[in-house]
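Peer 1: The amino acid sequence is not available; the structure is as follows:
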């Protein structure tokens, strides 16, 4: 008996009629690889591509620390998509969408305490490593940046916010991702967002930076201030690819066809609304009288009695809480029809109307929302 891998038959093989070189009939080449004699096959060997270098993307990175809090960047996918986790002695918060929703339900229902909350991302913070690099923004860099007056003013507000916290403006957490400190809003509660380099382009993780602005008269694409901050802080705008990438928003804060004053007014109103909401405070321990107010309203609505949940929620203020100017008439929230669903223990999906009031001062224009905390609503 033959040993090794010796073939018993010539099935599946052929020979060159010129030099008797053996080849596989399954991959018959056009010419003999030994003498270049014409064989008539159509197989073309694939070019051996180099194996891609594995990127150094740590799963958990310590971004910074401020006001007794430690901020971590957690990898959530193999493509280096990331989320933030905030940890302190009294609070544990994961900003991943599903974890944040689960935390709100479990904490409100009394199943977990704020400093005891656990999720798959918070369990990894003990394995964190230091960041790769830290970058600080200066007023000189902002003045030199060719972004227009509106973008520069927004960047100055982000610069002042990072100085108040004492944190760097940009932190490199991996080879392809950066943590950028912007301005706190509903999409970035602590001001930090992730910006990832994808095929020589910068992509922000905040969906609000990639959608069209609401309203029929404002169809401009929202300006991603986080990409501008990263480009300004690292000096990337001086290179040709980044300049081409930022050309649509480099000279103004909006695209063609939309007046710059409209976007400027929108930025003023947005920043004033953020300052107003940041000044609101809610008690750590919910008072019992507020819980009883909510239970009483829930019961009366279910029984069809007077004194239940109102059908409209309108701000009680008549003057602006920031500048003292008069507020306008109640109106729908910009980008919505004013409809909302009220979720309670007894009355699920109760349809209500929500109105807001805008400050009449053009230098403020803060949006005042109903204070639903007084009637026992917290989220």
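Peer 2: Great, that's in hand. A quick note: this is a predicted structure, and the numbers were derived from the prediction, not measured.
Peer 1: Can you pull the phi and psi angles for residue 102?
Peer 2: phi -70, psi -40 (degrees, to the nearest 10).
Peer 1: And for residue 37?
Peer 2: phi -80, psi 140.
Peer 1: Surely it is in contact with residue 31?
Peer 2: Yes. Counting by Cβ atoms under 8 Å, residue 31 is a contact partner of residue 37 at 6.5 Å. Where C-beta positions appear, they are placed from N, C-alpha and C, glycine not excepted.
Peer 1: the helices in the stretch 251-379 of the chain, which residues?
Peer 2: Ranges of helices within the stretch 251-379 of the chain are 260-278, 288-303, based on DSSP state H, counting those that start in this stretch.
Peer 1: Where among these is average confidence lowest?
Peer 2: Ranked by mean pLDDT, these bottom out at helix 260-278, with a mean of 70.
Peer 1: At the geometric centre of the protein, which residue sits there?
Peer 2: residue 206 (2.7 Å; Cα atoms, centre = their mean).
Peer 1: Which residues are in contact with that residue?
Peer 2: Counting by Cβ atoms under 8 Å, 6 or more residues apart in numbering, residue 206 touches 187-188, 193, 224, 226.
Peer 1: these two touch, right, residue 73 and residue 180?
Peer 2: No. With contacts counted by Cβ under 8 Å, residue 73 stays clear of residue 180, the gap being 11.3 Å.
Peer 1: Now do the shared contacts for these two.
Peer 2: In contact with both residue 73 and residue 180: residue 194, using Cβ under 8 Å, 6+ apart.
Peer 1: Which one of the two is surrounded by more residues?
Peer 2: residue 180 (30 against 25; other Cβ atoms under 10 Å).
Peer 1: how about that one, secondary structure?
Peer 2: strand (DSSP: H, G, I helix; E, B strand; the rest coil).
Peer 1: Test for you: state the pLDDT assigned to it.
Peer 2: Note for residue 180: predicted pLDDT of 94.
Peer 1: ok, it touching residue 190?
Peer 2: No. Here residue 180 lies out of contact with residue 190, judged by Cβ under 8 Å, at a distance of 11.9 Å.
Peer 1: Residue 171 sits in which helix or strand?
Peer 2: strand 170-172 (DSSP states H and E).
Peer 1: Name the spans of the stretch 51-200 of the chain whose pLDDT lies under the cut-off.
Peer 2: Along the stretch 51-200 of the chain, segments meeting pLDDT under 70 span 51-53, 107-115.
Peer 1: In it, what residue spans correspond to strands?
Peer 2: 60-66, 69-75, 82-87, 92-94, 129-130, 133-135, 170-172, 177-181, 192-198 (DSSP state E, counting those that start in this stretch).
Peer 1: what's the very next helix or strand once past the last one packed up against?
Peer 2: The one in question is strand 192-198. Tracing the chain past strand 192-198, the next element assigned as helix or strand by DSSP H and E is strand 201-204. Secondary-structure packing of strand 201-204 (3 or more Cβ pairs under 8 Å, 6 or more residues apart in numbering; DSSP states H and E): strand 192-198, helix 225-234, helix 240-246.
Peer 1: among these, which is the most enclosed?
Peer 2: helix 225-234 (a mean of 25; mean count of other Cβ atoms under 10 Å).
Peer 1: who's in contact with it?
Peer 2: 135-137, 141-142, 145, 147, 151, 154-155, 158, 169-170, 178, 180-183, 193, 195, 202, 204, 206, 209, 236-237, 242, 246, 249.
Peer 1: Next, the angle from it to strand 192-198.
Peer 2: Counting by axes from the mean of the first three to the mean of the last three Cα atoms, to 10 degrees, helix 225-234 lies at 80 degrees to strand 192-198.
Peer 1: For helix 225-234, give the mean pLDDT please.
Peer 2: 89.
Peer 1: Next: stretch 350-368.
Peer 2: The average pLDDT within stretch 350-368 is 88.
Peer 1: buried residues in that stretch?
Peer 2: The neighbour-count check on stretch 350-368 (16 or more other Cβ atoms under 10 Å) flags 350, 354-359, 361, 364-368 as buried.
Peer 1: got a list of what the closest residue to residue 272 other than its chain neighbours touches?
Peer 2: Distances taken as Cβ to Cβ, 6 or more residues apart in numbering place residue 366 nearest to residue 272, at 3.8 Å, with adjacent residues excluded. Under the criterion of Cβ under 8 Å, 6+ apart, the neighbours of residue 366 are 269, 272-273, 275-276, 320-323, 358-359.
Peer 1: Repeat that for residue 313.
Peer 2: 340, 352-355, 370, 372.
Peer 1: how does it look with 7 Å?
Peer 2: Contacts for residue 313 (Cβ atoms under 7 Å, 6 or more residues apart in numbering) come out as 352, 354-355, 370, 372.
Peer 1: Of those, just say which sits nearest to residue 165.
Peer 2: Residue 165 lies nearest to residue 372 out of the contacts of residue 313, by Cβ to Cβ, at 29.2 Å.
Peer 1: And the nearest residue to that closest one once chain neighbours are set aside, how far from residue 291?
Peer 2: Using Cβ to Cβ, 6+ apart and skipping the chain neighbours, the partner closest in space to residue 372 is residue 313 (6.2 Å). Separation of residue 313 from residue 291 (Cβ to Cβ, to the nearest Å): 19 Å.
Peer 1: Can you give me the buried ones in stretch 31-48?
Peer 2: Applying 16+ other Cβ under 10 Å to stretch 31-48 flags 32, 39, 41 as buried.
Peer 1: per-residue confidence at the first one?
Peer 2: The predicted structure scores residue 32 at 89 on the pLDDT scale.
Peer 1: Report the contact partners of it.
Peer 2: Per Cβ under 7 Å, 6+ apart, neighbours of residue 32: 16, 18-19, 21, 39.
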